[in-house]
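Enquirer: dropping the sequence and predicted coords here.
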Amino acid sequence: MEPEPAAAVSVNRGLIEYTHWIYGLHALSVLIGVLSARSVATRFAFGLPSIIAVIMNYARRSETRGTWLESHFRWQIRTFWFSWLWILLVSITAALLLILLIGFVIAIVGYALIGAWIIYRVARGWLALREGRPMPLPPA
């Protein structure tokens with residue numbers, strides 16, 4: 001007898017709503033970044049709504065194991081931590097190149113690209129959740 005695929009395992013409706021709230025908090029961080037003088041990338045990575053969202057992810061992550069929601073939790077957590085990684089790399093590169101006066105350009109373009117990537121990840125994930133689809137997982 002073959003095991004059921006992760007998407008076929010039934011999921012508590014409350015956990016689906018909880019995941020919507022997490023995407024909503026991430027989207028709020030993006031919106032604050034768009035409407036403020038700061039970049040989307042920095043508002044997402046360092047903004048209180050996204051920090052609360054990632055804490056919520058870790059708090060109930062174990063409840064999603066073996067379900068299609070596990071992929072969404074992993075997607076959200078990876079989006080948060082990879083945004084930190086990319087911001088760190090862009091900041092270091094920009095700081096090193098400030099002497100050549102292209103550091104400002106590197107920072108602006110880098111943060112804009114990270115922001116676009118974050119917007120894509122939040123939108124794609126939230127739309128898939130709305131449709132009841134799991135997110136693709138990277139190879140182990």
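Expert: Arrived safely.
Enquirer: burial of Val109, as a residue count?
Expert: Val109 is flanked by 13 other residues according to other CB atoms under 10 Å. Using the backbone N, CA and C atoms, a C-beta is placed for each residue, glycine as well.
Enquirer: that should have said Trp126, apologies.
Expert: 19.
Enquirer: name the helix or strand for it, please.
Expert: In this structure, Trp126 sits in helix 103-130 according to DSSP states H and E.
Enquirer: just how off-centre is the worst-scoring helix or strand of the chain on mean pLDDT within its chain?
Expert: Taking mean pLDDT, DSSP states H and E as the measure, helix 40-46 is the helix or strand of the chain with the lowest mean score, a mean of 91. With CA atoms, centre = their mean, to the nearest Å as the basis, helix 40-46 stands 10 Å off its chain's centre.
Enquirer: what helices or strands is it leaning on?
Expert: helix 13-35, helix 69-96, helix 103-130 (3 or more CB pairs under 8 Å, 6 or more residues apart in numbering; DSSP states H and E).
Enquirer: and those as JSON lines, adding distance to Met56 and mean pLDDT?
Expert: Listed next are the helices and strands packed on helix 40-46 as JSON lines, based on distance: least, CB to CB, whole Å; pLDDT from 0 to 100:
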{"stretch": "helix 13-35", "distance to Met56": "5", "mean pLDDT": "94"}
{"stretch": "helix 69-96", "distance to Met56": "9", "mean pLDDT": "95"}
{"stretch": "helix 103-130", "distance to Met56": "14", "mean pLDDT": "94"}
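Enquirer: as JSON lines, those helices with distance to Ile51 would be great.
Expert: Listed next are these as JSON lines, based on distance: least, CB to CB, whole Å:
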{"stretch": "helix 13-35", "distance to Ile51": "9"}
{"stretch": "helix 69-96", "distance to Ile51": "8"}
{"stretch": "helix 103-130", "distance to Ile51": "14"}
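Enquirer: tell me, what residue is most central in this structure?
Expert: When CA atoms, centre = their mean is applied to the chain, the residue found nearest the centroid is Thr79 (3.0 Å).
Enquirer: contacts for stretch 72-83?
Expert: Residues from elsewhere that reach stretch 72-83 (CB atoms under 8 Å, 6 or more residues apart in numbering): 19, 22-23, 26, 41, 44-45, 50, 53-54, 57-58, 60-61, 64, 114, 117-118, 121-122, 125, 128-129, 134-135, 137-138.
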